[in-house]
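In: have a look at this prediction, sequence included:
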Amino acid sequence: MTIATTLEERRAIAETVGKLLAEESGEKRVRAVMETRDGIDRELWSGLARMGIAGLLVPSRFGGAGLGPVELELVAEEIGAALACTPFLSSSVLAAGLLTASQDEAACARLLPGIAAGTTIATVALTGERGSWQPVDVTVRAEGTKDGANDGAFLSGTASYVMHAGVADVLLVAAATSDGLGLFEVASHGAGVAIEALPTFDRTLRLDRIAFAHAPATRIGGAGRPAIDAALRLALVGRAGEQAGGARRIFDMTVEYTKTRIQFGRPIGGFQAIKHMAAELLLEAESATSAARDAALQLAQDHDGADEAIDLAAFACADAFAKIAATAIQMHGGIAFTWEHPAHLYLRRARAYSYLLGSSDLHRERFLTKISAQSHDGSVAP
Amino acid sequence: MTIATTLEERRAIAETVGKLLAEESGEKRVRAVMETRDGIDRELWSGLARMGIAGLLVPSRFGGAGLGPVELELVAEEIGAALACTPFLSSSVLAAGLLTASQDEAACARLLPGIAAGTTIATVALTGERGSWQPVDVTVRAEGTKDGANDGAFLSGTASYVMHAGVADVLLVAAATSDGLGLFEVASHGAGVAIEALPTFDRTLRLDRIAFAHAPATRIGGAGRPAIDAALRLALVGRAGEQAGGARRIFDMTVEYTKTRIQFGRPIGGFQAIKHMAAELLLEAESATSAARDAALQLAQDHDGADEAIDLAAFACADAFAKIAATAIQMHGGIAFTWEHPAHLYLRRARAYSYLLGSSDLHRERFLTKISAQSHDGSVAP
Amino acid sequence: MTNEDLRREVNDWLAAHWRAPGTIIQSMWETNAETRAWHTKVFEARWSVPSWPVEWFGRGLDDEQTNIVIEAFAQVGAPGTGQDRFNLPANTLLAAASDELKLTLIPGLLKKDITTCLLYSEPSAGSDLAGVRTRAERDGDRFIVNGQKVWTSGATVADYGMLICRTDWDVPKHSGLSFFFLPMKQAGVEVRPLRQITGEAHFNEVFFTDAVVPASHLVGGLNRGWRVLQTALAYERSSMGARARGSRHGAADDLVALARAAGRLDDPLLRQDIARTVALRRLNTLNNARAKAELEQGTSSSIMSLGKLAMSRILHEEARVRTAIIGVESLLAGETQPTADDVNFLALNAYFTSIGGGTDQIQKNIISERVLGLPREPELDRNIPFKQVRSG
Amino acid sequence: MTNEDLRREVNDWLAAHWRAPGTIIQSMWETNAETRAWHTKVFEARWSVPSWPVEWFGRGLDDEQTNIVIEAFAQVGAPGTGQDRFNLPANTLLAAASDELKLTLIPGLLKKDITTCLLYSEPSAGSDLAGVRTRAERDGDRFIVNGQKVWTSGATVADYGMLICRTDWDVPKHSGLSFFFLPMKQAGVEVRPLRQITGEAHFNEVFFTDAVVPASHLVGGLNRGWRVLQTALAYERSSMGARARGSRHGAADDLVALARAAGRLDDPLLRQDIARTVALRRLNTLNNARAKAELEQGTSSSIMSLGKLAMSRILHEEARVRTAIIGVESLLAGETQPTADDVNFLALNAYFTSIGGGTDQIQKNIISERVLGLPREPELDRNIPFKQVRSG
């Protein structure tokens, strides 16, 4: 599905996105949007859609840019750096990725053009109250659907931690069927669908709980599990990119501050305590970037080690972002303890993204399972 | 069993021991002893015995000082600080503690006077190859012994990580019997006893593996488990004291070094990196001392919370000593990377004592089991 | 008077006067009618500051006797005594103010008629308090104050602010500072609430525009404010090590209970984390107890100054473990999610201790210099006239 | 010459000359007859330093072409080329020595006829290399050297030592240093092995008592040694980030295998620890690859300088996890206990990286100043005559 881009083209995409975000999604704008009911910046999203970002992963025959994980990751770095309030991860990555991977041509034709144009916001309901993003956690059940039948199904049960369901036009729902996990399209304002906004700690991110009570649904594709796995892979690459970008931005802001903040007659950046924290965080920031980019590359090239690289990026980027955002506050001192300073926005995002789509402990456990299988074969030394 | 001492008396004991160690067990002497075959300083041990230290815990009717955990801990701080090569922990704490707790008057009368005089070295074989110091790990079995019968038993199986068995006159051995764990006295040079020295990483500490092959043994006391638990409590308090003392000594040496070592035209102790490491280690050192002393006090006063305090001291002191000894090398720089510098002797001891008598993970797990039982009752908030 | 007599006297007095508590406020920053009434009784019976001299509202008791009084009050749960040990503004005044100012302010402080706030930090002087730029200029028998303070608790209600400000710009930074008790309720003082990262507003910014303070409210002498401030700060630091704020809903204070409620008390990773964290709090308690015992035995203790640093570590570690316990639930917040709200609040509020009252980094400097005797760092701005010092 | 021609030429040459390797030594400090013979062949065919000028033993190739040569050698596993990138003494000489000295030493270095050692650190100059006190005094056309160096690898066999020493005591510390290639095999040079905490003796102390070095062996000019040293050190640092010594018995290198052998691969605590640690090594590899790619694309990379710091962290973390895996077995050591011996050795040897070649603390200073542009600390001894600088 990937149209190869050159390094220069990739950089150009990222730069264009970065420029738009710098102009249209500065801190002031983010704070304004995060206080709104919907929590997304529709104007910005239109702008990004016009640039092809909403349809970044959508195949060109459905009106998208047809790009892949590498470009996704670079764009995500910019979006994460700006804490931009958009349905990028929910609609353009998770939902678009899921539809594309479902290989359901009709559903793709029906939904992807709108997603790519930014006129349709779709989201994916993948996890229950436990929020593990593991198949076992799906508590929605489908009834009245026959194998492979495309309509006549009804969903019941609860999905939680659904990104942007409150503003979504279309819900894509994973539900248990008689033949394993299936995917279903549900109208967000349809019968039997009750969407309850969850109060989020990171107000730049909106989550909802959805209760389905015999809600009419249309089945998408066949077996749901492979498509879900594919969509989660892309989403984790996107998350890693956002984390790497966010980590880098708050790190850069912090280093700049320590150069200008004078105490004891000199910039605090000249004191060893600050210098050494900065050096350690630089290593974290660079490692996060390396991990996110490698995961994207491995996935793009469909390497055997892609899952392993994605697991590594998942926990490495989450932990790096959390550490950098936390230490950044300490390095700033009192000023970053105020609501008006942006540091806590990054800390909130870092904390949220540490669990959204799966915890670091979970990804480490998966990573170890994979490398220990190899180590047993003697095929790869860690 | 404790004869109350005043605070001044306790301090006087510790000071006298400290003075003797400073004179007779300096670094040079420790290095010389650690290269000998036996690995213990018999001359020093005689001196300590004359001061009553070998019999510190031995009841006065058996020729000892009849003191308790509080005095044990204070003396252990001094012994640990000097890395003194003596059978204090093995003979005077573990063995004497086990005999006293066995309530076997005959065995006590037979063995304790010699232990108190320093003329008998006894040690305790409590753990198997797994070295967990948990009853389940005892792999020695006794045969031909009747319940409570005091002789006619034979031991078979292996005990490992036995301190100073190579120089011990008497072995006290935990072995499985038909009525649970029993205690047995075995002559170290007797038939069916094969003692193999284990090569130790910390050369100030000697460990042996003992293979028993139908070795004649005399049973001591009745049920062995309560006596073993009592002896291990004392040994852990002793270990905690040695760790707190060792941690404090290497910390003090390090701080002094940073005051005199000049780089970039000023003492390295003036650089924030060093200052901040020192401040953090001071907190560790003080916490270790507090934990060790509290465990001793709780045990001396037979408080309900004694086991909990001992578990806490076990992992807190082990981890603090390990961290301080490790960081001390880094703070010294190159000089502490040489064999001639004493820092690595403390690191070796810290590493060894992190597992001797049980790991920190094990003690943390035990600690949590205890506090979570209380928290459930609502009786104690952590 | 024997100790026995004293014990009898205080117990008798309490038996006669102390009634089951209503809404007496313990906070340094607040007061109310009931609090004032009780503290006034205690003051008039001379129990407020037992060890202070008789001419200064006390009884001239020694340490042991003072302990008897404090224990007697503690036994029945009555506040008001022991202010010789913990009433920061009163002690500051007794140590350094003129007799006139002592008479003016101390009774009100002890009776809790008067509340105070601290006017120390400034936007450009956080870690570096000796770099404050709020200025007081002499104008006859008063000083005119201009400038800005920040991180002030209780400024909206306080009667007086303990103010450190610059009175001489031509001498080195530490030598041109003065310490005042500034009346807060005047036109020249504007208080604006400051919103913290937790969303709360417990602190204020305070702006001075030609605010007036009588010259008689100067404490410790003109340009001698640094020493007065040091005493006040040492007190604040030691008190921050002993206590820290709990959560908003009380839903996440006990880690074991939190893990049990989350059904994760059997998770081996969390068990180790919880044990490690509970241990840190216990160790701090043991350290504080040992420090107290050593002080009482006359040994100087190096442990006291570690308390704030230890508490910072405890709060951040607890926050980390709490987050691990509730996991994905930490994405939530707000009144309808008390557990998540507490966990997130405590994670953010931990910075109050690791930054406020001197950052961890400043604490480590202090510990390494004052306790361990390590050399000070070169200070570029120490011996030059303050007006030449860089700021930003 | 086209790239294709070049590729053909080097492949043809290798096909004609390279035979399956015997005991060719890769170490910078050692050599043997076979190593010398092969490197001489490579040198004579001008493959040793492809990018160097034709007049200095090279072919004047550009970067891309040099890569072709290096790849061709790598494909058959032949050493000897690419010395323009990694031969520290040869590069130092090319950059800073007189033509005479270049001609004297470079051929031998490239042919591995000559081995060298580094004479940098001194007991009183560890982190602070600019504070060295070994002195060289002019005596006609030679210098007389007195003093002491420490932490020198390969000193017992080296032909030349790369020596930084003081030639002027009346100027500031960085301005009075000179850099020499000192002949090691002379009476005035005494080498004593230095035992490390691991028990091994890979390093030496070197004592100079009126040792002699020809004035022609001065590199970079009199009192201009600091800059030469900086170049050499940057090289050393970047090479320490990429590799680290393995264990003695190979029994503990792979953490997964170690845990499996200990029967503890299912321990959930260890699984997290192992994953975290393996990840650190992977991240370092990814960082290094990215740095290399960025450099090749002409973007300056900030990552390169992080390698040594990262490796220090990796080694200490791995040591911690290895110890946790084997647990009580870590009480043991020695030849009969290969696993425990490796685990303990690696735990101690980790300090080689966190202290040697500039401590972690010095590395963090360098990173924060050179990469992040944070200010240098005030240096009390920077602008005063060296003889007035404190030492100890």
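Out: In hand now; what should we look at? Residues are numbered from 1 along each chain as shown, chains lettered A, B, ... in the order given.
In: which one is residue 217 nearest to, not counting chain neighbours?
Out: Since no chain was named, I'll use chain A. By the measure of C-beta to C-beta, 6 or more residues apart in numbering or on different chains, the closest residue to residue A:217 outside its immediate chain neighbours is residue A:184, 3.9 Å from it. Every C-beta, even on glycine, is put in place using the N, C-alpha and C of the backbone.
In: please refer instead to chain C.
Out: Nearest in space to residue C:217, with sequence neighbours left out and distances taken as C-beta to C-beta, 6+ apart, is residue C:181 at 4.6 Å.
In: how many residues are close by the one you found?
Out: Close neighbours of residue C:181, defined as other C-beta atoms under 10 Å in any protein chain shown, add up to 27.
In: state the next helix or strand along the chain beyond the strand or helix carrying it.
Out: According to DSSP states H and E, residue C:181 maps onto strand C:177-183. Proceeding C-terminally, strand C:177-183 gives way to strand C:189-194 as the next helix or strand, assigned by DSSP H and E.
In: give the other helices and strands that that following strand contacts.
Out: strand C:142-153, strand C:203-214 (3 or more C-beta pairs under 8 Å, 6 or more residues apart in numbering or on different chains; DSSP states H and E).
In: walk me through the domains of chain C.
Out: Per the record, chain C has its domains at C:3-86, C:116-224, C:243-371, by automatic domain parsing.
In: make CSV out of these and add mean pLDDT.
Out: Putting the domains of chain C into CSV (pLDDT from 0 to 100) gives the following:
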stretch, mean pLDDT
domain C:3-86, 90
domain C:116-224, 96
domain C:243-371, 91
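In: now the ones you listed as JSON lines including distance to residue B:273?
Out: As requested, the domains of chain C are exported to JSON lines (distance: least, C-beta to C-beta, whole Å):
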{"stretch": "domain C:3-86", "distance to residue B:273": "36"}
{"stretch": "domain C:116-224", "distance to residue B:273": "17"}
{"stretch": "domain C:243-371", "distance to residue B:273": "10"}
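In: give me the distance from stretch C:61-75 to the chain's centre.
Out: Stretch C:61-75 has its average C-alpha position 23 Å from the chain's average C-alpha position, going by C-alpha atoms, centre = their mean, to the nearest Å.
In: actually stretch C:26-37, not the one I typed
Out: Counting by C-alpha atoms, centre = their mean, stretch C:26-37 is centred 16 Å from the centre of its parent chain.
In: just the buried positions in that stretch, please.
Out: For stretch C:26-37, the buried set under the neighbour-count rule, 16 or more other C-beta atoms under 10 Å in any protein chain shown, comprises C:28-29, C:31, C:35-36.
In: what is the nearest of those residues to chain B?
Out: Closest to chain B out of the buried residues of stretch C:26-37 is residue C:28 (25.0 Å), distances taken as C-beta to the nearest C-beta.
In: chain D contacts on the stretch 1-150 of chain A?
Out: If contact is defined as C-beta under 8 Å from any C-beta of the partner chain, the residues of the stretch 1-150 of chain A in contact with chain D are residue A:7.
In: closest residue of the stretch 1-150 of chain A to chain D?
Out: For the stretch 1-150 of chain A, the residue positioned closest to chain D under C-beta to the nearest C-beta is residue A:7, at a distance of 7.4 Å.
In: so what's that residue scoring on pLDDT?
Out: The per-residue pLDDT reported for residue A:7 equals 82.
In: what sits closest to whichever residue of the stretch 1-150 of chain C sits closest to chain D if chain neighbours are left out?
Out: Residue nearest to chain D within the stretch 1-150 of chain C (C-beta to the nearest C-beta): residue C:128, separated by 15.6 Å. Nearest non-adjacent residue to residue C:128, counting by C-beta to C-beta, 6+ apart: residue A:263, 3.9 Å away.
In: so what's the residue count around the one you found?
Out: Per other C-beta under 10 Å, the neighbour tally for residue A:263 reads 23.
In: can you pull the contacts of it?
Out: Taking C-beta atoms under 8 Å, 6 or more residues apart in numbering or on different chains as the criterion, residue A:263 is in contact with C:125-128, C:131.
In: can you put the buried residues of stretch C:26-37 in TSV and add distance to residue C:208 and secondary structure?
Out: Below are the buried residues of stretch C:26-37 laid out as TSV (distance: C-beta to C-beta, whole Å; DSSP: H, G, I helix; E, B strand; the rest coil):
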residue	distance to residue C:208	secondary structure
C:28	22	coil
C:29	20	coil
C:31	24	coil
C:35	29	helix
C:36	28	helix
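In: need those residues in a markdown table with distance to chain B, can you?
Out: A markdown table is the format used below for those (distance: C-beta to the nearest C-beta, whole Å):
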| residue | distance to chain B |
| --- | --- |
| C:28 | 25 |
| C:29 | 27 |
| C:31 | 30 |
| C:35 | 27 |
| C:36 | 33 |
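In: got the contact list for stretch C:76-92?
Out: The set of residues external to stretch C:76-92 that reach it, using C-beta under 8 Å, 6+ apart, is C:14, C:18, C:21, C:24, C:26, C:28, C:38-39, C:41-43, C:47-52, C:58, C:66, C:69-70, C:73, C:105-106, C:109-110, C:116, C:160, C:162, C:181, C:219, C:228, C:231-232, C:235-236, C:239.
In: span of stretch A:182-193 from start to end?
Out: By C-alpha to C-alpha, to the nearest Å, the extent of stretch A:182-193 from end to end equals 18 Å.
In: in that stretch, what counts as buried?
Out: Applying a neighbour-count criterion of 16+ other C-beta under 10 Å, the buried positions in stretch A:182-193 are A:182-186, A:188, A:193.
In: okay if I get these as CSV plus secondary structure, distance to residue C:356 and pLDDT?
Out: As requested, these are arranged in CSV below (DSSP: H, G, I helix; E, B strand; the rest coil; distance: C-beta to C-beta, whole Å; pLDDT from 0 to 100):
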residue, secondary structure, distance to residue C:356, pLDDT
A:182, strand, 54, 95
A:183, strand, 51, 96
A:184, strand, 51, 97
A:185, strand, 52, 97
A:186, strand, 49, 96
A:188, coil, 45, 94
A:193, strand, 47, 97
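In: and the furthest pair within those?
Out: Of all pairs drawn from the buried residues of stretch A:182-193, the one with the largest separation by C-beta to C-beta is A:182 and A:188; the distance is 18.7 Å.
In: in the stretch 51-200 of chain C, which spans are helices?
Out: With helices called from DSSP state H, counting those that start in this stretch, the stretch 51-200 of chain C shows them at C:63-76, C:83-86, C:88-96, C:99-110.
In: pull out the buried positions in stretch A:126-143.
Out: Applying 16+ other C-beta under 10 Å to stretch A:126-143 flags A:126-128, A:131-133, A:135, A:137-140, A:142 as buried.
In: just stretch A:105-118 next, same as before
Out: Of the residues in stretch A:105-118, those scored as buried under the neighbour-count criterion (16+ other C-beta under 10 Å) are A:107-108, A:110-118.
In: for the residue of the stretch 1-150 of chain C closest to chain D, grab phi and psi.
Out: Main-chain dihedrals, residue C:128, degrees, to the nearest 10: phi -100, psi 70.
In: any idea how far residue A:264 is from it?
Out: Residue C:128 sits 5 Å away from residue A:264, going by C-beta to C-beta, to the nearest Å.
In: check contacts around the residue in the stretch 1-150 of chain A that chain B sits nearest to.
Out: Across the stretch 1-150 of chain A, the shortest distance to chain B (C-beta to the nearest C-beta) belongs to residue A:130, at 22.6 Å. For residue A:130, the contacting residues are A:137, C:328, taking C-beta under 8 Å, 6+ apart as the criterion.
In: what element comes up after the helix or strand containing residue A:321 heading to the C-terminus?
Out: Under DSSP H and E, the secondary-structure element containing residue A:321 is helix A:306-332. Scanning forward in sequence from helix A:306-332 by DSSP H and E, the next helix or strand is helix A:343-353.
In: other residues contacting that following helix?
Out: Identification of contacts with helix A:343-353 by C-beta under 8 Å, 6+ apart yields A:27, A:30-31, A:80, A:83, A:200-205, A:239, A:242-243, A:246-247, A:249-250, A:253-254, A:318, A:321-322, A:324-326, A:328-329, A:332, A:336, C:197, C:323, C:330-331, C:344, C:347-348.
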